[in-house]
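**Q** Sequence and predicted model, in that order:
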Amino acid sequence: MEIDRTVTTVIDQELCIGCGLCIEVCPFDTISLKDGKAFVTGDESLNCGHCEAACPAGAIRVNGVDRSLSSFATFDIKEEWLPHGRPDTGSLVNLMQSRRACRNFKETPVHRNILEDLVKIGITAPSGSNCQQWSFTILPDRKTVADLGSKTADFFRRLNKLSEKAWLRSAMKMMGKPELESYYQHFYETIKEGLREWEEGGADPLFHGAPAAIVVGSQTHASCPAEDALLATQNILLGAHSMGLGTCLIGFVVKAMEREKRIRQSIGIPDDEAAYAVIALGHPAEKYEKVAGRRRVIMRYVEGE
């Protein structure tokens with residue numbers, strides 16, 4: 001499936017002042033300057049909206065942009081662009097450092113307006129070639145979240161039984177497929193204990209009792225589907241924290257959906273989409289006194305001679 005590059009840009013010639021700023025920021029040569037006015041001359045467009053945002057005269061409109069996605073139900077925003085260097089970097093970093101994985105949630109439901117606003121926050125992220133082919137599957141209540149958890153538990157129960165077969169692990173390893181052996185060495189016991197807690201104690205070691213979740217995916221024909229989805233995911237994590245919610249990434253569910261399409265299909269994800277992140281979210285039943293540090297990081301320079 002090809003990405004839609006239909007030109008939807010419209011320029012009001014009476015308002016255009018011929019400044020050329022729209023041409024400078026256009027990444028696709030969709031616009032040209034003729035006789036002191038900007039005209040749509042290209043056959044394709046990224047529909048990124050750069051030209052409209054740069055126009056000082058309000059002469060440009062990109063109709064391929066969905067205006068409703070810039071309107072939020074639970075908070076107000078300003079439409080003015082913040083110039084480079086204007087935002088308070090210290091406050092931004094403090095937000096990033098304060099976001100922690102939450103594993104203790106209250107039973108309080110998350111309102112659907114908040115969930116939809118989080119999706120809108122997510123899509124302010126960049127995307128490769130401006131594809132914007134991401135998808136967001138919302139699980140708005142505890143029952144739906146628990147159902148997905150049960151399907152995931154079933155998958156890992158079957159995987160654990162397979163990994164218990166030493167001969168099978170050895171055979172696959174000899175065929176150049178050591179994944180089952182690696183799983184057995186690193187995850188088998190943890191998964192076994194988690195399943196026991198799920199079955200016997202009614203605990204939720206997977207979603208931690210979260211009352212809602214968002215599965216972030218992308219259509220597989222996008223130029224950078226995984227990167228797009230994960231960039232949107234980070235936006236949602238930070239946005240949720242600022243809105244008073246806790247979040248936790250549930251990687252085991254992503255792995256289960258990757259291996260078993262029936263799990264994806266059970267929540268309405270079609271075959272031409274892949275799930276790259278599962279975000280458990282809800283009102284946190286935990287708090288911290290200060291931000292936490294990070295491990296040492298690999299940092300290197302590469303400089304020419």
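**A** All right, it came through fine.
**Q** and the chain, what are its domains?
**A** For the chain, automatic domain parsing gives the domain ranges 9-65, 68-76+87-287.
**Q** Rebuild the ones you listed as TSV, extending it with mean pLDDT.
**A** As requested, the domains of the chain are exported to TSV (pLDDT from 0 to 100):
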stretch	mean pLDDT
domain 9-65	93
domain 68-76+87-287	95
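**Q** Could I get these in TSV, plus columns for mean neighbour count?
**A** For glycine as for every other residue, the C-beta is placed from the backbone atoms N, C-alpha and C. Conversion of these to TSV gives the following (neighbours: other C-beta atoms under 10 Å):
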stretch	mean neighbour count
domain 9-65	16
domain 68-76+87-287	17
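**Q** Show me what the longest strand along the chain is packed against.
**A** Once the chain is assigned using DSSP state E, the strand that runs over the most residues is strand 273-282. Helices and strands touching strand 273-282, as assessed by 3 or more C-beta pairs under 8 Å, 6 or more residues apart in numbering; DSSP states H and E, comprise strand 212-219, helix 225-242, strand 246-249, helix 251-259.
**Q** Now do the last one against strand 273-282: the angle between them, please.
**A** Between helix 251-259 and strand 273-282, the angle formed by their directions is 160 degrees, by axes from the mean of the first three to the mean of the last three C-alpha atoms, to 10 degrees.
**Q** packing partners for helix 251-259?
**A** If you count contacts as 3+ C-beta pairs under 8 Å, 6+ apart, helix 251-259 packs onto helix 142-163, helix 261-266, strand 273-282.
**Q** and if we set it to 10 Å?
**A** If you count contacts as 3 or more C-beta pairs under 10 Å, 6 or more residues apart in numbering; DSSP states H and E, helix 251-259 packs onto helix 142-163, helix 188-196, strand 212-219, helix 261-266, strand 273-282.
**Q** which residues sit in contact with the one residue sitting closest to the centre of the chain?
**A** When C-alpha atoms, centre = their mean is applied to the chain, the residue found nearest the centroid is Thr233 (2.7 Å). Thr233 sits next to Gly122, Ala125, Trp134, Phe136, Ile214, Val216, Thr247, Leu249, Tyr276, Ala277, Val278, Ile279 when contact means C-beta atoms under 10 Å, 6 or more residues apart in numbering.
**Q** Dump the helices and strands packed on helix 251-259 to CSV, plus distance to Leu33.
**A** Below are the helices and strands packed on helix 251-259 laid out as CSV (distance: least, C-beta to C-beta, whole Å):
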stretch, distance to Leu33
helix 142-163, 53
helix 188-196, 62
strand 212-219, 35
helix 261-266, 48
strand 273-282, 40
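**Q** Compare those and give me the one nearest Glu181.
**A** Of all the helices and strands packed on helix 251-259, it is helix 142-163 that lies closest to Glu181, at 8.1 Å by C-beta to C-beta.
**Q** In PDB, could you pull the C-alpha coordinates for that closest one?
**A** The C-alpha coordinates for helix 142-163 follow below in PDB (Å, rounded to 0.1, in the frame of the first residue of the first chain):
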ATOM      1  CA  ARG A 142     -10.600  -2.800  33.700                       C
ATOM      2  CA  LYS A 143     -12.500  -5.700  32.200                       C
ATOM      3  CA  THR A 144     -11.100  -5.200  28.700                       C
ATOM      4  CA  VAL A 145      -7.600  -4.800  30.100                       C
ATOM      5  CA  ALA A 146      -7.900  -8.000  32.200                       C
ATOM      6  CA  ASP A 147      -9.200  -9.900  29.100                       C
ATOM      7  CA  LEU A 148      -6.100  -8.900  27.200                       C
ATOM      8  CA  GLY A 149      -4.000  -9.900  30.200                       C
ATOM      9  CA  SER A 150      -5.700 -13.400  30.300                       C
ATOM     10  CA  LYS A 151      -5.000 -13.900  26.600                       C
ATOM     11  CA  THR A 152      -1.400 -12.900  27.100                       C
ATOM     12  CA  ALA A 153      -1.100 -15.300  30.100                       C
ATOM     13  CA  ASP A 154      -2.500 -18.100  27.900                       C
ATOM     14  CA  PHE A 155       0.300 -17.500  25.400                       C
ATOM     15  CA  PHE A 156       3.100 -17.500  27.900                       C
ATOM     16  CA  ARG A 157       1.600 -20.600  29.600                       C
ATOM     17  CA  ARG A 158       1.900 -22.400  26.300                       C
ATOM     18  CA  LEU A 159       5.400 -21.000  25.700                       C
ATOM     19  CA  ASN A 160       6.500 -22.100  29.200                       C
ATOM     20  CA  LYS A 161       5.400 -25.700  28.400                       C
ATOM     21  CA  LEU A 162       7.300 -25.700  25.200                       C
ATOM     22  CA  SER A 163      10.500 -24.300  26.800                       C
END
